[in-house]
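1. Here is my input, please return the structure:
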Amino acid sequence: MWNQARIVLIEALVVAAAGGALGWFANALSPRGIELGRNYFPGGPAAGLSAGGAGAARDRLAAKGLQALSHEEALALLQDPRAAQGEVLFVDARDDSQYQAGHIPGAWQLDHYRMGQYLPDLLPAALAARQIVVYCAGGECEDSEFAAVVLQEAGVPRDRIWIYTGGFTAWQQAGHPIESGARGSGLSPSPPASP
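-> This next block holds a predicted model:
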């Protein structure tokens with residue numbers, strides 16, 4: 001009985017080791033592999049806006065080589081005539097359900113967890129734009145920072161990319177225009193059902 005258990009344990013260890021080695025090798029060869037040395041969750045809760053306001057967010061972004069954009073600056077850029085000409089792009093880094101429920105009018109979507117789904121359409125416009133405003137929910141959300149890095153790694157010059165620190169939450173709370181559904185749909189979100 002112990003002999004059979006020992007054999008099963010050895011076989012399990014061999015299978016686990018072979019699977020781990022194969023997985024590591026496949027990840028190393030894949031162009032979309034996971035960077036094992038990269039910190040995908042930098043900062044933690046103390047890194048968000050609640051840790052010290054917009055100044056802390058600007059400092060955190062500056063330390064990463066990213067530029068912060070205030071609420072007023074984001075609103076001015078949306079109203080800038082260059083936005084209608086495609087020279088100013090807004091990029092929503094939230095997931096599909098959040099984007100479909102409501103986003104800044106005309107914003108492109110780039111969920112960095114599914115960048116292969118969005119980057120091929122967005123990249124030509126981003127490379128041609130003079131300024132790109134990336135946002136997520138705001139506050140402690142760092143998805144906009146991850147999306148900005150994805151754009152940089154795809155060849156968009158760093159000095160063209162800005163992070164709107166207030167994010168969609170601040171935009172919505174200020175009562176600014178919101179579009180639902182697909183980019184350019186012109187649809188307003190449906191009001192919540194009354195209880």
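2. Backbone dihedrals for Ile178, both of them.
-> When quoted as degrees, to the nearest 10, the phi and psi of Ile178 stand at phi -130, psi 140.
3. what residues are up against it?
-> Listed by CB atoms under 8 Å, 6 or more residues apart in numbering, the contact set of Ile178 reads Gly102, His103, Ile104, Pro105, Trp171, Gln172, Ser188, Pro189. Every residue, glycine included, has its C-beta placed from N, CA and C.
4. Roughly how far does Ala170 sit from Leu69?
-> Look at Ala170 and Leu69: by CB to CB, to the nearest Å, they are 11 Å apart.
5. Break down the protein into its helices, ranges please.
-> Secondary structure of the chain by DSSP state H: the helices cover 2-29, 53-63, 71-79, 81-84, 96-101, 115-128, 143-153, 167-173.
6. In JSON lines: those, plus mean pLDDT and mean neighbour count.
-> JSON lines is the format used below for those (pLDDT from 0 to 100; neighbours: other CB atoms under 10 Å):
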{"stretch": "helix 2-29", "mean pLDDT": "86", "mean neighbour count": "10"}
{"stretch": "helix 53-63", "mean pLDDT": "73", "mean neighbour count": "15"}
{"stretch": "helix 71-79", "mean pLDDT": "91", "mean neighbour count": "16"}
{"stretch": "helix 81-84", "mean pLDDT": "90", "mean neighbour count": "13"}
{"stretch": "helix 96-101", "mean pLDDT": "93", "mean neighbour count": "15"}
{"stretch": "helix 115-128", "mean pLDDT": "93", "mean neighbour count": "15"}
{"stretch": "helix 143-153", "mean pLDDT": "91", "mean neighbour count": "22"}
{"stretch": "helix 167-173", "mean pLDDT": "93", "mean neighbour count": "20"}
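7. So which of these is nearest Glu179?
-> helix 96-101 (9.8 Å; CB to CB).
8. Now tell me what touches that closest one from outside.
-> Contacts for helix 96-101 (CB under 8 Å, 6+ apart): Asp92, Ala107, Gln109, Asp111, Arg114, Ala137, Phe168, Ser180, Gly181, Pro189.
9. Isn't the fourth one up against Leu119?
-> No. Asp111 is not in contact with Leu119 according to CB atoms under 8 Å; the separation is 10.1 Å.
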